[in-house]
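In: Show me how the following folds:
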Amino acid sequence: MKEELDNQLCEKYPKIFKMRHGSMQETAMCWGFPGDGWFEIINTACRNIQHHIDWKRKVEPYAGMTDEEFDETHQPVAAQVKEKFGGLRFYMDNADDYVYGILSMAESLSLRTCETCGAPGKTGGTGWLKTLCGSCNKTKEV
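Out: Numbering: from 1, shown residues only. Take a look at the predicted model:
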């Protein structure tokens, strides 16, 4: 992913991507994000995740916790965001069932979205699977 888009995600969701620049001994987030075409899917998923967590922080029984206590056990933190078998894969610590639902939806959408440009795409290839649109498929070896 372009550095500009990578930075946008890290600036908008600092709690989710707090390990983005950690060492490879600490996290797989050190490798960054997959293609530019999936930026909006990742952005929307993170916006919904963080909105859910910010709401959850305010309700019982969590309302009495300090921000540090809450973040330690309930704030989702990305361990890895990558491409696998032509689709987006999110690995997240501290995720609840709601967060897993959002991640599942994002992964499903990625299988219909070109990883390179974000246009509608199809998964294909002989060996390494990629999800690409017709235009990007012509310019990339699949």
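
In: give me every residue that touches the residue nearest the centre of the chain.
Out: Of all residues in the chain, the one closest to the mean position by CA atoms, centre = their mean is I42, 4.4 Å from it. Residues in contact with I42 (CB atoms under 8 Å, 6 or more residues apart in numbering) are 9, 33, 81, 88, 106. C-betas here are computed from N, CA, C, even on glycine.

In: which residues of this structure score low on pLDDT?
Out: 140-142 (pLDDT under 70).

In: where do the helices sit along it?
Out: 3-12, 39-58, 67-74, 97-110, 134-139 (DSSP state H).

In: could you dump these to JSON lines with distance to G127?
Out: Listed next are the helices of the chain as JSON lines, based on distance: least, CB to CB, whole Å:
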{"stretch": "helix 3-12", "distance to G127": "27"}
{"stretch": "helix 39-58", "distance to G127": "24"}
{"stretch": "helix 67-74", "distance to G127": "40"}
{"stretch": "helix 97-110", "distance to G127": "19"}
{"stretch": "helix 134-139", "distance to G127": "15"}
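
In: which residue of this structure sits farthest from its center?
Out: G64 (29.4 Å).

In: about what we covered before: JSON lines please, covering the contacts of I42 and showing distance to R57 and neighbour count.
Out: Formatted as JSON lines, those follow (distance: CB to CB, whole Å; neighbours: other CB atoms under 10 Å):
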{"residue": "L9", "distance to R57": "21", "neighbour count": "21"}
{"residue": "F33", "distance to R57": "26", "neighbour count": "23"}
{"residue": "V81", "distance to R57": "23", "neighbour count": "27"}
{"residue": "L88", "distance to R57": "26", "neighbour count": "26"}
{"residue": "A106", "distance to R57": "22", "neighbour count": "24"}
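
In: For W128, state which of these is nearest.
Out: L88 (15.2 Å; CB to CB).

In: ok, now which ones touch the closest one?
Out: So L88 contacts 34, 38, 41-42, 81-82, 106-107, 109-110 (CB under 8 Å, 6+ apart).

In: who does it bridge with?
Out: L88 forms beta bridges with E83, as assigned by DSSP bridges.
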